[in-house]
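Q: Curious how this folds, go ahead:
(2 chains)
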Number of protein chains: 2
Amino acid sequence: MAQLYHHPLDPQSRFVRLALAEYGVDPDLIEERVFERRRDFLSLDPAGETPVLVTDHDVVVPGAAIIAEYLDENLGETLEEHRLLPLDSEARIEVRRLVHWFTQKFHGEVSNWLVTEKVYKRFMSAEAGGGAPDMDLVRAARANIRYHLRYIGYLTAQRNWLAGDRLTYADLAAAAHISVADFLGDVPWDENEAAKHWYARVKSRKSFRALLADRVPGINPPQVYADLDF
Amino acid sequence: MAQLYHHPLDPQSRFVRLALAEYGVDPDLIEERVFERRRDFLSLDPAGETPVLVTDHDVVVPGAAIIAEYLDENLGETLEEHRLLPLDSEARIEVRRLVHWFTQKFHGEVSNWLVTEKVYKRFMSAEAGGGAPDMDLVRAARANIRYHLRYIGYLTAQRNWLAGDRLTYADLAAAAHISVADFLGDVPWDENEAAKHWYARVKSRKSFRALLADRVPGINPPQVYADLDF
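A: As a prediction, the model looks like this:
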């Protein structure tokens, strides 16, 4: 049985949970609070970041983008023409470009701030930096998300899915990161219809169901979060 | 003729220049000052980050890790058993883990601060944030680099190269990022003999020569920078 070290509101973990669900892999989920810097977790992954996948052959695969490559290399063929990392060389560039966009750029400008300030700091000790959210960072994240929504709207006005004709890792990475902002009530959906329609389509997938059922003690998502016709 | 949009002291660009040289590809180098946010460059890569490779078939490949995957998929076989991303599944995980370590973690904790504060800010207008370096960030980078050197020393005490028996992208990524700190005189080489020996071996490769010849107006590297027996 595969294991995934994750946090329910870590967007990078959510990307991998979506990918695993698309492949039909149902791992044991182990909640990891990375800020506790648990010794056993650091020995699995010296970088100490979620997600980390441990396969049923005890192969340790750390990091969302690396797990995505690993899953494609080992399970990609099983999805046939629905492969999440297409075989065509230029399509691969575009999928990886957008995965990087969301797992690095969107994370750095939006989702990491929201999760750190509004979620992790609630569970961190005062010595470790816990406490009330820094609202300047939350406001910066809320401002930045608007241009990312416009970019999603721009891409999906020209394409069926973010990277082209079919659903790929690009959609899963983007939707995973946005889903965390949505859980926290920080997505201005009324600003971009095209982005909203794209998200509604990803959110309606079976692979998304477990994410919509996630709850974290003390934080209640807005009603639209789990609503497929939001 | 392939083109590489780069900056001489951008560590991500240097990683790709090393990789291209290992494959025997000699691109036209086009210096890009990303902080100028040049419109033509943004139309090549909306993220506006160096490096961007434009192949001789006009394929645009943005970002160091994505270029590395692209080069492996298209030229990897030509290196035969010296392939920079090995074929074995677990070896690929380890190479990608370490590439991510240096292109993301080391970049975020060391090389990005050094280059932004000590190089880019020198060429940026005051309105764009140019000016004197923020020495708090430079000191933080200098403190952080010490544990990365220890990690390199730890790995190379057990292995011939960073990720295993052979030179891989992991060594090129690590050496590229360290080379920028070295250019700026910010590597405490006397603290870790194993790391120093590893770096001397990478630096002696033919692929490294062009990097050692780089100069930037107004910044002179210390004498050890280009010395192969430093």
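
Q: Any chance you could list what contacts stretch A:147-156?
A: With CB atoms under 8 Å, 6 or more residues apart in numbering or on different chains as the test, stretch A:147-156 has contacts from A:106, A:109-110, A:162, A:174, A:187-188, A:191-195, A:197-199, B:46. For glycine as for every other residue, the C-beta is placed from the backbone atoms N, C-alpha and C.

Q: how about the helices in chain A?
A: When secondary structure is read from DSSP state H, chain A shows helices at A:11-23, A:39-44, A:64-75, A:89-100, A:112-115, A:121-123, A:135-158, A:169-183, A:193-203, A:209-213.

Q: tell me the most buried of these?
A: Highest mean neighbour count among these (mean count of other CB atoms under 10 Å in any protein chain shown): helix A:169-183, with a mean of 27.

Q: Report whether that one contacts chain B.
A: No: contact of helix A:169-183 with chain B (CB under 8 Å from any CB of the partner chain) is absent, the minimum separation being 12.4 Å.

Q: Redo the helices of chain A as CSV? Include mean pLDDT.
A: Compiled in CSV, these are given as follows (pLDDT from 0 to 100):
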stretch, mean pLDDT
helix A:11-23, 98
helix A:39-44, 96
helix A:64-75, 98
helix A:89-100, 98
helix A:112-115, 97
helix A:121-123, 94
helix A:135-158, 97
helix A:169-183, 98
helix A:193-203, 97
helix A:209-213, 94
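
Q: With distance to B:Gly129 added, can I get those helices in a markdown table?
A: Formatted as a markdown table, the helices of chain A follow (distance: least, CB to CB, whole Å):
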| stretch | distance to B:Gly129 |
| --- | --- |
| helix A:11-23 | 28 |
| helix A:39-44 | 35 |
| helix A:64-75 | 29 |
| helix A:89-100 | 24 |
| helix A:112-115 | 20 |
| helix A:121-123 | 28 |
| helix A:135-158 | 16 |
| helix A:169-183 | 27 |
| helix A:193-203 | 30 |
| helix A:209-213 | 38 |
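
Q: Residue numbers of chain A in contact with chain B?
A: Selection of chain A residues close to chain B by CB under 8 Å from any CB yields A:46-47, A:59-63, A:65-66, A:69-70, A:73-74, A:89-90, A:92-93, A:96-97, A:100-101, A:104-105, A:151.

Q: at 7 Å instead, please
A: Within reach of chain B by CB under 7 Å from any CB of the partner chain, chain A has these residues: A:47, A:59, A:61-63, A:66, A:69-70, A:73-74, A:89-90, A:93, A:96-97, A:100-101, A:105.

Q: need the contact list for A:Lys121.
A: Applying CB atoms under 7 Å, 6 or more residues apart in numbering or on different chains, one finds that A:Lys121 lies in contact with A:129-131, A:133.
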